[in-house]
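>>> Here is my input, please return the structure:
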Amino acid sequence: MKIDEELLKQEKFYPYDFSKDNLTLLLDGQTLKNLEIFENSVDGGDEGTLFKILNHCTTPFGKRLLKKWICHPLQSVPQIEDRLNAIDDLNSITSEQGFFFLSFFLSFSQSRSLIYMNENFFL
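Got it, this is the predicted structure:
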């Protein structure tokens, strides 16, 4: 292919250094397969997998984010503690606080949607 020849002539290739990103661990495909994270070794289904057990997400975005977190788990202890503290904070919300938070979030997301729709309307 001509594209390959042109790229090779430029000689601007640099090795990718995995150690630069030491915020998360890198789990390769073989590790994910051996640990049966997303599919089991019996029938290739998701029954009994870690993802199936942890996945209580209701949106596609939440499922993608959970999958990303499982494939690239945090390595930094302070970041792990921050995430755990955030979960504790969310679990400690009373029903009254939860209602306020949910209503605020919904009104905020609806207003953002309206702004987005209006911006695109005038394009």
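
>>> Which strand or helix spans F104?
helix 95-121 (DSSP states H and E).

>>> Kindly report the same for A86.
With DSSP H and E as the criterion, A86 is inside helix 77-91.

>>> Kindly export that helix (C-alpha atoms) in PDB.
The C-alpha coordinates for helix 77-91 follow below in PDB (Å, rounded to 0.1, in the frame of the first residue of the first chain):
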ATOM      1  CA  VAL A  77      -3.900   4.000  46.700                       C
ATOM      2  CA  PRO A  78      -5.100   7.600  47.100                       C
ATOM      3  CA  GLN A  79      -7.300   7.300  44.000                       C
ATOM      4  CA  ILE A  80      -8.700   4.000  45.300                       C
ATOM      5  CA  GLU A  81      -9.500   5.600  48.700                       C
ATOM      6  CA  ASP A  82     -11.100   8.600  47.000                       C
ATOM      7  CA  ARG A  83     -13.400   6.300  45.000                       C
ATOM      8  CA  LEU A  84     -14.300   4.300  48.100                       C
ATOM      9  CA  ASN A  85     -15.000   7.500  50.000                       C
ATOM     10  CA  ALA A  86     -17.300   8.700  47.200                       C
ATOM     11  CA  ILE A  87     -19.200   5.400  47.300                       C
ATOM     12  CA  ASP A  88     -19.500   5.700  51.100                       C
ATOM     13  CA  ASP A  89     -20.800   9.300  50.700                       C
ATOM     14  CA  LEU A  90     -23.400   8.100  48.100                       C
ATOM     15  CA  ASN A  91     -24.500   5.200  50.400                       C
END
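
>>> how far out from the middle of the chain is that helix?
Offset of helix 77-91 from its chain centre (C-alpha atoms, centre = their mean, to the nearest Å): 16 Å.

>>> And stretch 33-42, end to end?
With C-alpha to C-alpha, to the nearest Å as the measure, stretch 33-42 spans 12 Å from end to end.

>>> go on, stretch 67-75?
End-to-end distance of stretch 67-75 (C-alpha to C-alpha): 16 Å.

>>> any idea how far F104 lies from Q97?
Separation of F104 from Q97 (C-beta to C-beta, to the nearest Å) stands at 10 Å. The way it works is simple: take the backbone N, C-alpha and C, and place the C-beta from them, glycine included.

>>> scratch that, E47
In terms of C-beta to C-beta, E47 sits 37 Å off from Q97.
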